[in-house]
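> coordinates for the following, if possible.
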Amino acid sequence: MAYGSVLVLGGGIAGLQAALDLGDAGFKVYLVERSPALGGRMAQLDKTFPTNDCSICILSPKLVEGGRHPNIEILTLSELLSLEGEAGEFRAQVLKLPRYVREDLCTGCGTCQEKCPSKAPSEFDQGLGQRKAIFIPYPQAIPRVPVIDREVCTFFIKGKCRVCEKVCPTGAIDYEQGEQQIELKVGAVILAPGYEVVQEGLGQYGYGVFPNVITSLQFERILSASGPTRGEILRPSDGRVPQRIAWIQCVGSRNHQKGRDYCSSVCCMYAVKEAIISKEHHPEIEPTIFFIDLRAFGKGFDLYYERAKAEYGVRFVRSMIAQVTEDPDSRDLIVHYVDEEGRSRREAFGLLVLSVGLRPSREAIETAKRLGVRLDPYGFLWTPLSHPLSTSRPGVFVCGVMQSPKDIPESVAQASGAAARAAEVISSMRWKEVKLQELPPERDIQGEPLRIGVFVCHCGVNIAGVVDVEEVVDYASGLPNVVHAEGNLFTCAEDTQRKIKEAIREKGIN
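Next up is the predicted model:
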């Protein structure tokens, strides 16, 4: 008899979409994520191409829905060790690492982070910002429970401090928390571990040598309203707005010498997006993209590229970059290249962004090997041409970049497809292992006077860049029947949504 549950490995947009589809369809889902929070790479992005929609504004409602879904059990800081059995009757061994904070007691109030004296570079901000030894990776993170980094925490290093334990109002800090090994009985598995960006070989362009050479993912954090500069485009070397920015394409992709002779699919379009957003943030910026071949093959992509040239003045130069040097006085980058007429050229730029390629993470490759699923020559999961969601092991499916490089819409489409394939394996057990959701009782508001609540989101440059949030709040508070009005930094964050629910109850908002 099949088990009526599915293990989804990876809590990025693909894994999250697969889990939501399966949970809504009546299957129990174990969502296993290695990092402290769900969200994956999409949570780090500023906008999405070709619509320029706010990335976290799309992702956050799914995060909240996944976090409170009765059929989804979230296992963060966890990794899949082994998978025994066959389709319909798998036994998965999962290792859950200690968070040193009890999830059942923590309210996500943030007091521990505020009082913690130790700091370290933020992985979420790609090393451009700082975070505390106890931290929540980003404002909209699910679960909204901090994690202690024992490599930075003074208690684990010297046996001293314990500040977070002293200030925690609920007693959630637990320094003695240890690893747990959990066995899960599941009928199918979906692999969606996402990707990492290429880091090797970037030094030839001055990365790690010159401070104003950054990767595209670092630039996304600079553009983001929750990033280290709150959306202001500032050079790492001196905090000034760069007058000219250049992007170099195919960094770590299409490189035959290092065995990465594949196109990463998304780099051309995310460079175009970043150039457009740069102009929107600072109209005086002059963006240039150095490319080999422009690959704009998705719906609306070519039109997006043409708009970048015609409406935003983005300059495209077809050339492979020979060398990058630095002007020691201005800290500008000197790009050496040969143009299409064969002439040697040198140009100075205030900031240089490397459009790095995508590849499977080392941890994902090791997990795939442990599970006995076949990899292709580049480390992505091998799938048959006729069944692009099926791995070499029956009952184990794949979606997202682990199958091949792809953008967010294609990852989401694959995730729903993988969920359907997994459901097919265990369809006879639908609704057998889940609890029916108990909805809160409805309140009869007939005859009550109108009581309106207004909540205005700040969201950095996305909203506050064009709207005076405080003025809107003040104006709304004086409108008829408005009993409560407030502004929030990120309305989509879980703690803000909790505040909204409390305000509805306390103010009788109907």
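> make it CA atoms for all contacts and neighbour counts henceforth
OK.
> low pLDDT regions in this structure?
Within the chain, the segments meeting pLDDT under 70 span 1, 255-259.
> what does stretch 319-337 contact?
204-206, 210, 212-213, 237, 248, 290-292, 338-340, 344-352 (C-alpha atoms under 8 Å, 6 or more residues apart in numbering).
> hmm, which of the residues you listed are the buried ones?
205-206, 210, 212-213, 248, 290-292, 338, 348-352 (16 or more other C-alpha atoms under 10 Å).
> from those, which single one is nearest residue 260?
Distance to residue 260, by C-alpha to C-alpha, is smallest for residue 292 among these, at 15.5 Å.
> residues touching that closest one, list them.
Residue 292 neighbours (C-alpha under 8 Å, 6+ apart): 249-250, 318-320.
> from those, which two are the most distant?
Going by C-alpha to C-alpha, the pair spanning the contacts of residue 292 furthest: 250 and 318, at 11.9 Å.
> of those two, who's got more company?
residue 250 (23 against 16; other C-alpha atoms under 10 Å).
> the more buried one against residue 353, yeah?
No: with contact defined as C-alpha atoms under 8 Å, residue 250 does not count as touching residue 353 (11.6 Å).
> can you add distance to residue 153 and secondary structure and give the contacts of residue 292 back as JSON lines?
Putting those into JSON lines (distance: C-alpha to C-alpha, whole Å; DSSP: H, G, I helix; E, B strand; the rest coil) gives the following:
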{"residue": "249", "distance to residue 153": "39", "secondary structure": "strand"}
{"residue": "250", "distance to residue 153": "39", "secondary structure": "strand"}
{"residue": "318", "distance to residue 153": "48", "secondary structure": "strand"}
{"residue": "319", "distance to residue 153": "47", "secondary structure": "coil"}
{"residue": "320", "distance to residue 153": "45", "secondary structure": "coil"}
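> residue 373: which of these is nearest?
Using C-alpha to C-alpha, residue 250 is the member of the contacts of residue 292 that sits closest to residue 373, with 28.9 Å.
> phi, psi of residue 139?
phi -60, psi -40 (degrees, to the nearest 10).
> find the nearest non-adjacent residue to it, please.
residue 493 (6.2 Å; C-alpha to C-alpha, 6 or more residues apart in numbering).
> same question for residue 427.
Excluding the flanking residues, the one nearest residue 427 by C-alpha to C-alpha, 6+ apart is residue 4, at 7.7 Å.
> next one: residue 470
Closest to residue 470 by C-alpha to C-alpha, 6+ apart is residue 487, at 6.8 Å.
> where does that neighbour land in three-state SS?
Residue 487 carries the three-state label strand when classified by DSSP: H, G, I helix; E, B strand; the rest coil.
> re earlier: wait, what's in contact with the residue nearest to residue 427?
Contacts of residue 4 (C-alpha under 8 Å, 6+ apart): 27-28, 186-187, 426-433.
> you'd agree residue 217 is in a strand?
No: using three-state DSSP, the secondary structure at residue 217 is helix, not a strand.
> distance of it from residue 193?
Residue 217 sits 18 Å away from residue 193, going by C-alpha to C-alpha, to the nearest Å.
> first to last residue in stretch 149-168, what's the distance?
17 Å.
> what's that stretch in contact with?
With C-alpha under 8 Å, 6+ apart, stretch 149-168 has contacts from 111-113, 115-116, 118-120, 133-134, 171-174.
> which residues are in contact with both of residue 250 and residue 318?
With C-alpha under 8 Å, 6+ apart, residue 250 and residue 318 have common neighbours 291-292.
> and the residue lying closest to residue 212 once chain neighbours are set aside, what does it touch?
Spatial nearest neighbour of residue 212, excluding adjacent residues (C-alpha to C-alpha, 6+ apart): residue 351 at 5.2 Å. Contact analysis of residue 351 by C-alpha under 8 Å, 6+ apart lists 212-214, 235, 242, 244-246, 332-333.
> with residue 397 instead?
Counting by C-alpha under 8 Å, 6+ apart, residue 397 has contacts 188-191, 389-391, 418, 421-422.
> if we use 7 Å, what do you get?
189-191, 389-391, 418 (C-alpha atoms under 7 Å, 6 or more residues apart in numbering).
> could you look up the SS state of it?
At residue 397 the chain is in strand, as set by three-state DSSP.
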